[in-house]
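Undergrad: using only what follows, build the 3D model:
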Amino acid sequence: MRKTVIAAAAAATSLAVSIAHAAPLPETSAHQAGFSERGLVRLDDFFAREIAAKRVPGAVVAIARDGKLVHYKAYGQLDPVRGTPMPIDAVFALASMTKPMAAVAGLTLMEQGKLPLQAKVAEFYPAFADMKVGVQQADGSLKMEPQAQPIFIHDLYRHTSGLMYGGRPDSSSALARLYPDGTAPAVEGDTQAFIDRITQLPLVHQPGTEFEYGFSIDVLGAVVEKVSGQRLGEYLAANVWKPLGMKDATFHPAEAQRARLARPFPNDPLTGKPQAIKLLDTPTRFDCGGGCSFATVGDYLRFGQMLLNGGELDGMRILSPKTVHHMTSNHLGPEIKNNVAAVEPHRGGFGFGLSVAVRTSEGLSSVPGNPGEFTWNGAYGTQFFCDPKERLVVVVGTAAPGELRKYYRENVQDIVYGAMVK
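TA: Residues are numbered from 1 along each chain as shown. The predicted model follows:
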């Protein structure tokens, strides 16, 4: 009996040391950070219910306030087929949460005087100058019109380039079927092949007129490669990931990391149809800035904390506070049609900055928060949001590529704010 108790105590100590070692930020208690412990238990209860109902395999959730880690837990399973428990350092396919990191890469070049927002994309890839705008006619045909103004780098950051993704449920455009889905070009060819393919297509809007979610940040990543002379992943590793201690951030998981990849259910719990995260088992041929990276929740928490801190973490400065402020301000003026809530239904009252959605008003959104909150999510089930007023960073990892992912985004934000008591 005594040996069993000692063994259990040793195991508990080992686990505590492991978690402490893995903690991405200094830890604090819920009470000291202004949270109700009972309120945060609702997060445990929520995921316990969802996992028991087999609606999500598992999750990792991290909450930081005032730069201190308040909540950092793993729930459920990493791989529902094998029954592997979810480790705290599970590696998630980030999908569109790649975009803010690619944007930070571009902004570091802006600060060096190498990539101003009003530079024309065609200066780096000339074929963009010849793209026409497809205007659907009453008979269903397309009329091709010239660009009224060029596509600027600014348009890439804020998704006003006229580029789109194929097959998106939030777009009613007939042009959507001409476009590939988000990761198809990265699987099929290199950066130049992507540029060659995308510039053969019609733009779906005149540049600078409408927020249309699509390949804009993939093109920005290609521009970063052209300006820096490095692959996007190499540039990010040297200028963002390694300085911030984001140990697992990558576009190409190593063999040792593959055992920690979070996997979804083989079938969508809502529809019963087969589902998969293709990039878990299919390597990409270029580092697509729009959706092809991987990282742990702890890694991304450090990235979010760096932004919340105004571009610096643990003495490592990535961007200036002024650049971060510009990044996280709304860039959709009244002349630009705002479709952000069409992509993320609970994001009413949000504009869009340089690759992040930005809350512009009280109310309107279905989730609590404050003006100035900046956020974005990934199609495979990841989420992050930063609230400067509350000094709050939250990162969630799940492998839930179906529509359920939006349910988790909304509920987690409700529970987090519901647990805050000051």
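Undergrad: give me the phi and psi for residue 93.
TA: phi -70, psi 120 (degrees, to the nearest 10).
Undergrad: how close does it get to residue 30?
TA: Distance, residue 93 to residue 30, by C-beta to C-beta, to the nearest Å: 30 Å. To be clear about C-beta, it is placed using only N, CA and C from the backbone, and glycine gets the same treatment.
Undergrad: out of the two, which sits in the busier spot?
TA: residue 93 (29 against 20; other C-beta atoms under 10 Å).
Undergrad: per-residue confidence at the residue most central in space within the chain?
TA: The C-alpha lying nearest the average C-alpha coordinate of the chain belongs to residue 97 (C-alpha atoms, centre = their mean; 1.2 Å). pLDDT recorded at residue 97 is 98.
Undergrad: hey, where'd the strands end up in the stretch 1-150 of the chain?
TA: Assigned by DSSP state E, counting those that start in this stretch, the strands in the stretch 1-150 of the chain fall at 58-65, 68-79, 84-85, 92-93, 133-136, 142-145.
Undergrad: before we move on, back to that, can you pull the contacts of the residue nearest to the centre of the chain?
TA: 293, 300, 376, 377, 378, 382, 383, 384 (C-beta atoms under 8 Å, 6 or more residues apart in numbering).
Undergrad: swap in residue 389?
TA: So residue 389 contacts 370, 371, 372, 373 (C-beta under 8 Å, 6+ apart).
Undergrad: hmm, back to that, mind putting the strands of the stretch 1-150 of the chain in CSV, mean pLDDT and distance to residue 419 included?
TA: Formatted as CSV, the strands of the stretch 1-150 of the chain follow (pLDDT from 0 to 100; distance: least, C-beta to C-beta, whole Å):
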stretch, mean pLDDT, distance to residue 419
strand 58-65, 98, 9
strand 68-79, 98, 9
strand 84-85, 98, 25
strand 92-93, 98, 23
strand 133-136, 93, 48
strand 142-145, 94, 51
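Undergrad: if you compare those, which one is most tucked away?
TA: Compared across these, strand 92-93 shows the largest average neighbour count, a mean of 30 (mean count of other C-beta atoms under 10 Å).
Undergrad: which strands and helices sit next to it?
TA: Applying 3 or more C-beta pairs under 8 Å, 6 or more residues apart in numbering; DSSP states H and E, we find strand 92-93 packed against strand 294-295.
Undergrad: let's see it at 10 Å
TA: Judged by 3 or more C-beta pairs under 10 Å, 6 or more residues apart in numbering; DSSP states H and E, the packing partners of strand 92-93 are strand 294-295, helix 297-308, strand 392-398.
Undergrad: excluding its backbone neighbours, what's nearest residue 269?
TA: For residue 269, ignoring the flanking residues on the chain, the nearest one in space by C-beta to C-beta, 6 or more residues apart in numbering is residue 55 at 4.7 Å.
Undergrad: backbone phi and psi for the one you found, please?
TA: Dihedral angles (degrees, to the nearest 10) for residue 55: phi -100, psi -20.
Undergrad: shouldn't it be in contact with residue 404?
TA: Yes. Shown here, residue 55 and residue 404 form a contact pair, counting by C-beta atoms under 10 Å, at 6.2 Å.
Undergrad: joint contacts of those two?
TA: When contacts are counted by C-beta atoms under 10 Å, 6 or more residues apart in numbering, residue 55 and residue 404 are jointly contacted by 265, 269, 270.
Undergrad: return the distance of residue 252 relative to residue 132.
TA: According to C-beta to C-beta, residue 252 and residue 132 sit 35 Å apart.
Undergrad: likewise for residue 295?
TA: Residue 295 is 38 Å from residue 132, by C-beta to C-beta.
Undergrad: which one of the two has more residues nearby?
TA: residue 295 (28 against 15).
Undergrad: export the strands of the stretch 1-150 of the chain to a markdown table and tack on distance to residue 212?
TA: Below are these laid out as a markdown table (distance: least, C-beta to C-beta, whole Å):
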| stretch | distance to residue 212 |
| --- | --- |
| strand 58-65 | 31 |
| strand 68-79 | 35 |
| strand 84-85 | 39 |
| strand 92-93 | 24 |
| strand 133-136 | 12 |
| strand 142-145 | 16 |
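Undergrad: relative to residue 226, which of the ones you listed is closest?
TA: Closest approach to residue 226 among those is made by strand 133-136 (24.3 Å; C-beta to C-beta).
Undergrad: got a list of contacts for that closest one?
TA: So strand 133-136 is in contact with 141-148, 162, 173-175, 178, 201-207, 209, going by C-beta under 10 Å, 6+ apart.
Undergrad: whichever of those end up buried, select them in PyMOL.
TA: In PyMOL syntax, the buried subset of these is picked out as below (16 or more other C-beta atoms under 10 Å):
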select buried, resi 147+162+173+175+201+202+203+204+205+206+207+209
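Undergrad: ranges for the helices of this structure?
TA: 2-22, 37-52, 98-111, 153-158, 184-188, 191-198, 216-228, 232-236, 255-258, 297-308, 321-327, 340-343, 404-418 (DSSP state H).
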